[in-house]
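> any chance you can model this:
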Amino acid sequence: MLFVITLTHRAASADVQAQLVAHRDWLVQHTASGRFLAAGPLESGHGGLILAQGDSAPALDAVLATDPFVALGLVDVEVQAFTPALRHEAFPAAWASGAKPVAAQSPQAHLQASASRQAGSP
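Below is the predicted model of the structure:
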């Protein structure tokens, strides 16, 4: 199962900055383990997003509790679980085993295929 985790700053910027190195170290640890697939700051600058994989929400909650930002109450955490139905062919099947792979194609080819389906062509 995949999880989208949003961390939204609730503390003053100085408090967040003071824990940033520890938070990044925590992210590196869990990315290296394969638990986190991608992580980074939000464009707004008011938090971050983590794409994670795991077997259960309670196990993920236990990991999140060890984040210095979470442990110190510097962020609000929102976790959304989802099961991918589609994945780009380059997205690893191991991370979305039940998802149907979709081959890459140019925007023009996509429009032509869509028009054919709407017209009832095979």
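
> what's across from the closest residue to Met1 other than its chain neighbours in the sheet?
Among residues not flanking Met1 along the chain, Ala81 sits closest, at 5.5 Å (C-beta to C-beta, 6 or more residues apart in numbering). Any C-beta I mention is one placed from the backbone N, CA and C, and that applies to glycine too. Going by DSSP bridges, Ala81 is paired in beta bridges with Phe3.

> what count of nearby residues applies to Ala81?
Using other C-beta atoms under 10 Å, Ala81 has 14 other residues around it.

> cool, and Leu20?
Using other C-beta under 10 Å: Leu20 sits among 13 other residues.

> who touches stretch 64-72?
With C-beta atoms under 8 Å, 6 or more residues apart in numbering as the test, stretch 64-72 has contacts from 5, 7, 11, 15-16, 19, 22-23, 26, 74-75, 77, 79.

> 10 Å - rerun?
With contact meaning C-beta atoms under 10 Å, 6 or more residues apart in numbering, stretch 64-72 is reached by 3, 5, 7, 9-11, 15-16, 18-27, 29-30, 47-48, 50, 52, 57, 61, 63, 74-77, 79.

> and what of stretch 33-43?
2-3, 5-9, 20, 23-24, 26-31, 47-54, 59-60, 63, 91-92, 94-95.

> ok, back up a step: from the contacts of stretch 64-72, which would you call buried?
3, 5, 7, 9, 16, 19, 23, 26-27, 30, 47-48, 50, 52, 63, 74-75, 77 (16 or more other C-beta atoms under 10 Å).

> hmm, Asp15 is touching Gly73, no?
Yes. Using C-beta atoms under 10 Å, Asp15 is in contact with Gly73, at 9.4 Å.

> inside helices: which ones of the contacts of stretch 64-72?
Using DSSP state H, the subset of those located in helices is 15-16, 18, 20-27, 29-30, 57, 61, 63.
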